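>>> could you work out the structure for the sequence below:
(one chain, ligands or ions: 1)
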Amino acid sequence: MNSNNLDKRYVWHPYTQMKLWNNSDNITIQSGRSFSFVDSNERSYLDGISNMWCNVWGHDRTEIIDSMKNQLDTLPHSSLFGLINEPSAKLAKRLITIAKGMSKVFYTDNGSTAIEAALKIAIQYWNNKGKTQKKEFICLKNGYHGDTIGCMSIGYVDGYFSPYRSLLLKTIKVDSPTIRHEKFGQQDIEQYVDKIENILKRKSQKISGMVMESGAQIAGGVNIYPNKFQKEISDLCKKYDILLILDEIATGFGRLGNMIEYKAQRSEPDIVCFAKALTGGYFPLAVTLTTFKIFNEFLGDYWDKRQLFHGHTFTGHPVGCTAALTNLALYEKVNLIRKIRINSLVLDRLLKRFAELDICYDIRNKGLLCGIELRKENKPIKMIDKVPIGQYIARESLKKGVYLRTLGNIITIIPPLAIGKEDLTKIVDTEYQIVEKIQQKIR
Ligand SMILES: Cc1ncc(COP(=O)(O)O)c(C=O)c1O
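Below you'll find the predicted structure:
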């Protein structure tokens, strides 16, 4: 297919000022090859952000593609309304085996809806127990959980969401710690935890649950939690009888070097959400997992109205569930977590050079997640050549054959999880050259 004459004017792009979107300039992706996108002029772009943090194997993992094709041949669609299909039953069992402590799987089709389901489950759990006053959520500042109303309420980002403020739920937002320059003492964690405990002491009667990303906040600036922070929060939730709702949408299945991040953090959620890497990026699928303790409160007679009143058209999609089953089998077959851990050491080494550049204020990395924060005289760098820094870096990277996005002045390197050493090196080297150029420009 020749896409040079493609009429692209009718697409409204996410998080994009369309006035600045130049239709003739922008790249049309024609195919995927290994860990790269290939455009209509046969130029290829190595994917430095795993296609919004979901791609695991690149684009040509035949095992996943073949299993999806087979599934399309046998049952291309069936929902969970009054029916069940084999892939959704098998995947639920598989997930319960991997995600220790969890007992039931609720299916949706993207991260935001998985979180919405989690919030409704939490509220109804307390409702079904007769504790209707427990309806507020406590959450971390800089958290991000998606773009629907509930998600924006618990993951409020002022720069984006202020126009929708009047729609949002009232939530309690508390500070979150982050590892900076590999130093963060235990005492600092205690300060954060103490503040949270003080709130819970006063308000736990009204709080339904604590919602937080598991292991690290990514969209909020690549904030990696210090050791034990998540465990301490988990302990507090138990002590004050509020639910712990963990968002592993971006961090689950290996991003930080662990298959299930909450296990690595020694925390015990009541509800946990996965999406993104669940199908390796091959199909939109998300899950909200709960313990028996939660699920059992939803049991009763039909007219008791204890059932969960939530469900989407594409719930338990057999093609998505098949993709996820094959994806998870591959993780085991190639011991992907081990490979991620080895590559995380490679990334760590490659990043050392950045510290020599004055404008690199901070480099935060764990597993295959990395944020490089750029500042000049301790102020975030906002513009380069009269262009917002994010746009500048994205354009320069594309010119060099790498696809990247930043979080404002923070460059993110979030590669496909099965990426090889060579490709990883190319991504980091490209970023280094761009940061070096920025440093020269703003001197
Ligand atoms: C931690 C986290 N939660 C939720 C979401 C929302 O997922 P989706 O974009 O699929 O709605 C994201 C998306 O980036 C995320 O990073």
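>>> for the closest residue to K231 other than its chain neighbours, report the pLDDT, please.
In space, and not counting its chain neighbours, K231 is closest to R266: 4.6 Å by CB to CB, 6 or more residues apart in numbering. (C-beta placed from N, C-alpha, C; glycine too.) Per-residue confidence (pLDDT) for R266: 98.
>>> what about R266, which helix or strand?
Assigned by DSSP states H and E, R266 belongs to no helix or strand.
>>> just E232 next, same as before
Assessed by DSSP H and E, E232 sits inside helix 229-239.
>>> where does L424 fall, phi/psi-wise?
For L424, the backbone dihedrals (degrees, to the nearest 10) come out as phi -60, psi -40.
>>> my guess is it contacts L417. True?
No - L424 is beyond contact range of L417, at 11.0 Å (criterion: CB atoms under 8 Å).
>>> with neighbour numbers in mind, choose between these two.
L417 (27 against 22; other CB atoms under 10 Å).
>>> re the thing from before, avg pLDDT for the helix holding E232?
Helix 229-239 comes out at a mean pLDDT of 98.
>>> partner strands of the helix or strand just after it, with direction?
Where DSSP H and E defines the elements, the next helix or strand beyond helix 229-239 is strand 243-247. Sheet pairing here is set by DSSP bridges, and for strand 243-247 it gives strand 207-213 (parallel), strand 271-274 (parallel).
>>> please identify the buried residues of the helix or strand just after strand 243-247?
For strand 243-247, the following helix or strand on the C-terminal side (DSSP H and E) is helix 261-264. Using 16 or more other CB atoms under 10 Å as the test for burial, helix 261-264 gives 261-262, 264.
>>> repeat for stretch 345-354
346-347, 350-351, 354.
>>> ok so, going back, is any residue of the helix holding E232 near the ligand?
No - contact of helix 229-239 with the ligand (CB under 6 Å from any ligand atom) is absent, the minimum separation being 13.8 Å.
>>> what's in contact with that helix?
Defining contact as CB atoms under 8 Å, 6 or more residues apart in numbering, one finds that helix 229-239 is touched by 177, 189, 192-193, 196-197, 200, 209-210, 212, 214-215, 243-244, 262, 265-270.
>>> now do the same end-to-end measure for stretch 305-319.
In stretch 305-319, first residue to last residue: 32 Å (CA to CA, to the nearest Å).
>>> got the buried residues for that stretch?
Applying 16+ other CB under 10 Å to stretch 305-319 flags 306, 308, 310, 312, 314-319 as buried.
>>> so how far is the ligand from the residue lying closest to A355 once chain neighbours are set aside?
Residue nearest to A355 in three dimensions, not counting chain neighbours: I363, with 6.4 Å by CB to CB, 6+ apart. According to CB to the nearest ligand atom, to the nearest Å, I363 stands 20 Å off from the ligand.
>>> and I363, that's in a strand?
Yes - under DSSP: H, G, I helix; E, B strand; the rest coil, I363 falls within a strand.
>>> so how many other residues sit close to it?
Counted with other CB under 10 Å, I363 comes out at 21.
>>> thought it was touching C370?
Yes - if you go by CB under 8 Å, I363 and C370 touch, sitting 7.2 Å apart.
>>> okay, and the common contacts of these two?
The contact lists of I363 and C370 share L351, where a contact means CB under 8 Å, 6+ apart.
>>> W57 falls within a strand, correct?
No - assigned with three-state DSSP, W57 falls outside any strand and is coil.
>>> what residues does it make contact with?
W57 sits in contact with 64, 280, 327, 330, 416-418, where contact means CB under 8 Å, 6+ apart.
>>> residues near the residue in the chain positioned nearest to the ligand, how many?
The ligand sits closest to G111 of the chain, with a gap of 2.1 Å, by CB to the nearest ligand atom. Burial of G111 is recorded as 28 neighbouring residues (other CB under 10 Å).
>>> distance of it relative to F292?
24 Å (CB to CB, to the nearest Å).
>>> quick one, what contacts the residue of the chain positioned farthest from its centre?
Using CA atoms, centre = their mean, the residue of the chain lying farthest from its centre is W303. It sits 37.7 Å away. By CB under 8 Å, 6+ apart, the contact list for W303 is empty.
>>> poorly predicted segments of this structure, please.
Flagging of the chain using pLDDT under 70 yields the residue ranges 1-4, 23-25, 180-187.
>>> which positions in it make contact with the ligand?
Within the chain, the positions near the ligand by CB under 6 Å from any ligand atom are 110-112, 115, 144-146, 213, 218-219, 247, 249-250, 275.
>>> hmm, 8 Å instead?
Selection of the chain residues close to the ligand by CB under 8 Å from any ligand atom yields 52-53, 110-115, 143-148, 151, 155, 213, 217-219, 247-251, 273, 275-276, 284, 286.
>>> in PyMOL, select just the buried ones from these.
Per 16+ other CB under 10 Å, the buried members of those correspond to this PyMOL selection:
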select buried, resi 53+110+111+112+113+114+115+143+144+145+146+147+151+155+213+217+218+219+247+248+249+250+251+273+275+276+284+286
